[in-house]
Structure formats: C-alpha cells, structure tokens
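**Q** Dropping the sequence and predicted coords here.
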Amino acid sequence: MKDNDFTSGAILPKLLKFMLPVLFAMFLQSLYGAADLLVVGRFSDNAAVSAVSTGSQIIMTLTNILVSFSMGITVSVGQKIGQKRPDEAANTIGTGLMIFAAVGLILTVMCLTGAEVLAKIMNAPAEAFKVTSSYIRICGSGFLIITAYNLLGSIFRGLGDSRTPLIAVGIACIFNIIGDLFFVAKLNMGASGAALATVLAQLISVLISLFIIRRTALPFEFRRSHIKLNSRCAASIFRIGTPIALQDLLVGISFLVMLAIVNNISLTASAGVGVAEKVCAFIMLVPAAFMQSMSAFVAQNYGAGKTDRASKALKTGITVSFAFGVVMFLLTFFRGDLLAGVFSNNSEAVADAWDYLKAYAIDCLLTCFLFCFIGYYNGIQRTTFVMIQGICGAFLVRIPVALIMQHIGKGSLSLIGLATPCSTILQITLCFAVYRRFSRDRSAA
C-alpha cells in the first residue's frame, strides 16, 4: 500500500514509476495488435491486410468500450484506497466482476450473429468481405476472454499496481506472435489465423494472470462473498464509467466512419490506412499511457482531498508528454514510410500509409495536452464532460471534415486524415476552458 500511495512524496518520480509499466504494457498491447497485421502483411495479400485492418478496428472499438467502462472501476477503487476504505474497494471489484461478465456475453453474441452486418456497415471491399466477416466472428467469440483480460488490468491500476497488467500483456504478446507465425506463416490461414491466435493468446494470458493474482498480496481481503451486485458500488461504476464508455463508443464510430470513407476509395487505400492505424498505436503510446496513469494518480489524490497535487500532476504529465510528442512528430512526418514499411512490403500501401500519417504527425503535438486532460477529468469524476468534449470533437469536426476532404481532396489520404487533429484542437479548447473555470471556483472557495 505504501509503494502504491500517490498522495505524498515527489510527483514526477511517483507518476513516472506508475506510468512506465503502463507504457510498456501499452507498447506490448500495440505490438500484440500489430503482430497480426505484421505477419499477415508479410505472408498474405492486400485482401487479408484489409480484412485485419477493418476487422481489428471494429474489435478495437468494442474493446475500447470495455476499457473505458472499466475506468469506473479504476477510479472508484483508487478513490476508496485514497480514502483508506479498502473494504469498499473489495465490494467495488466484486460488483465489477458481475457487471463485466454480462457485458462480455452481450458483445460475444453481437459479434457471432452480426459479423456480416458489421463488415457491410464498414464498406469492407468486396475482395475482402468474407475474410473480414470471419475475422470479426473469430475474435468476437472470445469477448468474454477479452473482458476478463481488460478487467483485471483496470482493477490493479486502481490499486496503484501497474506491474501486474504489464506481466499479463507481456504473456499475451508472446503467445500471440507465436500463434500468428504458426497459423498464418506456417498453416497459411491468413486473417482467420491471426484472429485465432489473438483469442488463444488472451486465454492463456488470463489463466496465467489469475494464477499470479491468487499469489499476490492485496491491500484488503477479497472473498467470494464480495462477488455480488452491490447497488451503491454499481451506481458508482456506472456513473463514472458510462460517460467514458459512451464517449469512446461514439469517437470510435467516428474513426470507423473515416475508415469506411477510405474503404470506398480502393483496396490499396484500405490496406494503407490499416497499416497507418497500427503505426499510430505506437506513436501515441506516451500520451495514452499518461492518460491511464493520470486517472489513477488523480483519483487517489482527489479522494484524499489533495486537489492542488492533482493539478500539479496534470501539468507535469503534459510537460513530459509534449517532449515525446515533438520527437514523434518529426519522425512520423518526415520518415513515415520507414514506420509503415515495417508492416507491409507493398510499396503502394506504404505510400498511402505515409500520406495518411502526415496528418497524424500533427496530432502527436496535440494529444499530449488532450490525453492528460482526459485522464485528469476522469480522476476527478468529471466523466460527463469527457463524454461531451469527445462527442463534440467526433461529430462536429472529425466526421464533417473527413467528408468534406473526401469530396475536395480527390482521394488524398493526408487531407482526410486532417480531420483528426482538427477535432483534437476543439477538444483541447474545451478542456482548457473548463479547467480555467474549475481553477476560478477553487480560488473563490
């Protein structure tokens, strides 16, 4: 408990100590997702690459709903720990297990019965339609496993432990790469083999993680009797997690719309953007890691009544994140072809990916602000605002700009991609405005 207490001591060392395992876990998670495309890109054709690109984007959108909703557990548990109320933290975890079992079951049924519908909605190219549907169905069959995989991580981050999730994702990454090489490279199963490797890897990771957890000392006693629906804990989880999940769902839909626009251009463009999205997962790692870390760090301090310390953590996170953002901007904008070339040996797909990445390079300079703000607002339970700013960025800017650029840009992927940094600018403006208001209110009090 002392090692995981964020309410005292120097901010930067504690924040970095917690953030670095989160960063490494997210790196492995990105590598985990990228392995499918990397192996398929080397051993299959553009149709398989397009299928993995479109299918994985759908699965990632649904998974992000789980991750976002699980923030309700992370923040609730973190605040209970900050308030020195470990018994209530145990009740929150038990309630979360019940809720997420139901959510995972619903998502499983949706993917198994609606794979073709999802592929059709995404305008999956005709050459890749059946393969895309198969990828979605296979990955979707493992949503209960995906749910458990992400729920375990959210619980331990709420306890201030970012090392155990790192171990879990590391195990999953290793087995996923082995599975990809076996099913795709050796058995020539293409996108279906990549999907099967993903599900099996996460199953192995969950089983090993449960074994580790049973031997890990918790800051409270957790019993089977805690695994039940507690109305007060459920209300807290839904109050915090629902706006975040809804925001991520709608934002994810906006990115799916952008991908659907690109799928209408050509199969090569679809494959190129799929490659670019995998690159983006890596270049956005530092701000994304700060977002998750900020939520847990701020939640403990907010629960302990240390709002000034929470604000200092926000400024610290932005400063460190921005330094990395500058480096990523330069690398992505000027040598995006090298990054894209890791995932595909098709020169046309690589060229399209670099074209798209030039817009995302600009976003590298902006997300260091936005992601840290989102983590801060999640930690102080202003999740309704997080939802509002995300929806505004997605539907007032990102989708309209992408549609406009599609018509005036004559298929230019860099112009379509500009929709993302344009929406980020609006979201940052809203975050700064609300932060200034909160600061004035605290000063007046």
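**A** It's in.

**Q** Can you list the helices and strands that the host helix or strand of Val320 packs against?
**A** Following DSSP states H and E, the helix or strand that holds Val320 is helix 307-341. Contacts defined by 3 or more CB pairs under 8 Å, 6 or more residues apart in numbering; DSSP states H and E place helix 307-341 against helix 11-43, helix 267-283, helix 285-303, helix 347-379. No exception for glycine: its C-beta is placed from N, CA and C like everyone else's.

**Q** angle of it against helix 11-43?
**A** Helix 307-341 and helix 11-43 meet at an angle of 20 degrees, taking axes from the mean of the first three to the mean of the last three CA atoms, to 10 degrees as the criterion.

**Q** Setting aside sequence neighbours, what's the nearest residue to the residue positioned nearest the centre of the chain?
**A** Most central residue of the chain, judged by C-alpha distance to the mean C-alpha position with CA atoms, centre = their mean, is Asn64 at 5.3 Å. Using CB to CB, 6 or more residues apart in numbering and skipping residues adjacent in sequence, the residue nearest Asn64 is Asp248, 4.8 Å away.

**Q** The helix or strand encompassing the one you found versus helix 267-283: what angle between them?
**A** With the criterion set as DSSP H and E, the secondary-structure element containing Asp248 is helix 231-263. Using the same axes, to 10 degrees, one finds that helix 231-263 and helix 267-283 are set 140 degrees apart in direction.

**Q** In helix 231-263, which residues are buried?
**A** Judged by neighbour count (16 or more other CB atoms under 10 Å), helix 231-263 contains these buried residues: 233-234, 236-237, 240-249, 251-252, 254-263.

**Q** by contact count, what packs against that helix?
**A** Using 3+ CB pairs under 8 Å, 6+ apart, helix 231-263 sits against helix 46-82, helix 86-121, helix 267-283, helix 383-392, helix 399-408, helix 413-417, helix 419-444.

**Q** Which of these sits closest to Arg163?
**A** Each of those was checked against Arg163 via CB to CB, and the shortest separation belongs to helix 46-82, namely 15.3 Å.

**Q** what's the pLDDT at the residue nearest to Val286 when sequence neighbours are not counted?
**A** Leaving aside its sequence neighbours, Val286 sits nearest to Phe324 (CB to CB, 6+ apart; 4.2 Å). Confidence at Phe324, expressed as pLDDT, is 90.

**Q** Phe324 touches Cys368, doesn't it?
**A** Yes. Taking contacts as CB atoms under 8 Å, Phe324 lies within contact range of Cys368: 7.3 Å.

**Q** ok, the two, which is more surrounded?
**A** Each of Phe324 and Cys368 has its neighbours counted (other CB atoms under 10 Å); Cys368 has more, 27 against 18.

**Q** residues touching the nearest residue to that one once chain neighbours are set aside, list them.
**A** Counting by CB to CB, 6+ apart, the nearest residue to Cys368 once its immediate chain neighbours are dropped is Ser321, at 3.6 Å. If you count contacts by CB atoms under 8 Å, 6 or more residues apart in numbering, Ser321 has them with 286-287, 290, 368, 371-372.

**Q** confidence score at Ser321?
**A** Looking at Ser321, its pLDDT stands at 91.

**Q** mind starting the numbering at 407 from now?
**A** Sounds good: first residue 407 from here, last item Ser727.
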